[in-house]
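Engineer: A structural model of the following input is requested.
(2 chains)
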Amino acid sequence: MSDLAKEKAARLLKKRGSLSSLGSHEIKAKETTGKTKDSISTVSYIDDPGHHDDNPRPAVQMENTYQLSPTRRFPVMTVNDILKDVLASYLQEEKYEAELCRQMTKTISEVVKARVKDLMIPRYKIIVLISIGQLSDQNMRMGSRCLWDVANDTFSSHTFKNSSLFAIANVYGVYSE
Amino acid sequence: MDEFQTGEETTFIVDDVSTIIKESVEAAIGGNTYQHSRVNQWTTNVVEQCLSQLSKLGKPFKYIVTCIIMQKNGAGLQTASSCFWDNSTDGSCTVRWENKSMYCIVSVFGLAI
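Structural biologist: Okay, here's the model as predicted:
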C-alpha cells in the first residue's frame, strides 16, 4: 500500500530541494511515510549538511555593526522583471511533460537564484520557489504566510501561463542582521 | 550585545517541524473532501496554524510557510526550490499530504536570525 502511494506521489508530485549544482555537498532526500485511516503523508527534506562537517565551525562572535536597517532594500520590481523574463524565455513554447518539467523547475530555480544573487544585495538571504503544473480541469490554491521582520523582509511573485501548463515563481528576501 | 548563542541549539530541527506540519494539516483539512468554496479558508488555516505552532517553539528563527492544495484530477505538478542561506543554521522541510480528493503540499523554510 505504501508502495502504491509512493509511486502515485512520485508520478504526479515531486518535491526535491536542491543545493547549488556547483556545491560539493551531498543531497540526501529522506522520506518517511505515515498513514492514518484515509490519508497518507510523506515528509521530505534536505539532510542538514551542517551535521556532516568534520571540523565544526566554532561559533563566531560578531562585532556590532550599529546598523539598524539594510543599506539597500530588496528590489521587488527588479526581481519581478527577472521572474517574468526567465519564466517567459524557458516556458514560452513548452508542453507539460513530467520528466521535462521536473528538470525545468530545478533549472529555473537555479537560474533565478543566480540572477538575484547577481544583484548583489548585501546581507539578504534568498529563497526561490518554483511550481510548474499541468493545465487540466483541476482547481488549485496556493498560500503562504511568513513570520519575519515586516520592515526589511519582502517577497516577489509571478505567474506564467501557456496553453498546456502554468508556472508560479516566488522569491522571498529575508534580511539577516 | 555580547552573546548571540548561549549554547542553545539554533539549528533547524526537521523532525519537530515536520510533526508540527502534519498535525496542522490534519487538524485543518483532516477528513474533508475538496470543496472549492472552502479551499481559501483551508489554506489560510493550515498556514496560520503551522506558523503559530512554530513560533511557540521559541527559537530565534524567521519562518516562511507555503501551502498548496490541489484537487485530484490527474494533472501533474512539479515544485522546486533554490535557497541562498547559511547552511549550518538554516533549513527547510516539506510535507506532502493526500487523501482521496486532494493533495496538500506544505513547505516550511526556517532562517536563523
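Engineer: Report the mean confidence score over the longest helix seen in chain B.
Structural biologist: With secondary structure taken from DSSP state H, chain B has its longest helix at helix B:36-56. Averaging pLDDT along helix B:36-56 yields 89.
Engineer: Let's see the helix or strand that that helix is followed by as CSV, backbone CA atoms only.
Structural biologist: With elements assigned by DSSP states H and E, the helix or strand that comes after helix B:36-56 is strand B:61-71. Output of strand B:61-71 as CSV, limited to C-alpha atoms (Å, rounded to 0.1, in the frame of the first residue of the first chain):
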residue,chain,number,x,y,z
PHE,B,61,14.2,31.9,13.6
LYS,B,62,12.3,33.6,10.8
TYR,B,63,9.8,31.3,9.1
ILE,B,64,8.3,31.1,5.6
VAL,B,65,5.4,28.6,5.3
THR,B,66,3.9,27.8,1.9
CYS,B,67,0.8,25.6,1.3
ILE,B,68,-0.5,24.3,-2.0
ILE,B,69,-3.9,22.5,-2.0
MET,B,70,-4.7,20.8,-5.3
GLN,B,71,-7.8,18.9,-6.4
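Engineer: okay, the angle between the longest helix of chain B and strand B:61-71?
Structural biologist: 160 degrees (axes from the mean of the first three to the mean of the last three Cα atoms, to 10 degrees).
Engineer: and residue B:83, what does it touch?
Structural biologist: For residue B:83, the contacting residues are A:17, A:113, A:125-128, B:90, B:92, B:109, by Cβ atoms under 8 Å, 6 or more residues apart in numbering or on different chains. Every C-beta, even on glycine, is put in place using the N, C-alpha and C of the backbone.
Engineer: Next secondary structure after the host helix or strand of it?
Structural biologist: Counting by DSSP H and E, the element that carries residue B:83 is strand B:77-84. Next along the chain after strand B:77-84, taking DSSP H and E as the criterion, comes strand B:91-98.
Engineer: Bridge partners for the residue nearest the centre of chain A, pull those for me.
Structural biologist: For chain A, the residue sitting closest to the mean C-alpha position, by Cα atoms, centre = their mean, is residue A:129 at 2.8 Å. On the basis of DSSP bridges, residue A:129 is bridged to residue A:170, residue B:81.
Engineer: Do I have it right that it meets residue B:79?
Structural biologist: Yes. Look at residue A:129 against residue B:79 with Cβ atoms under 8 Å: they come within range, at 7.2 Å.
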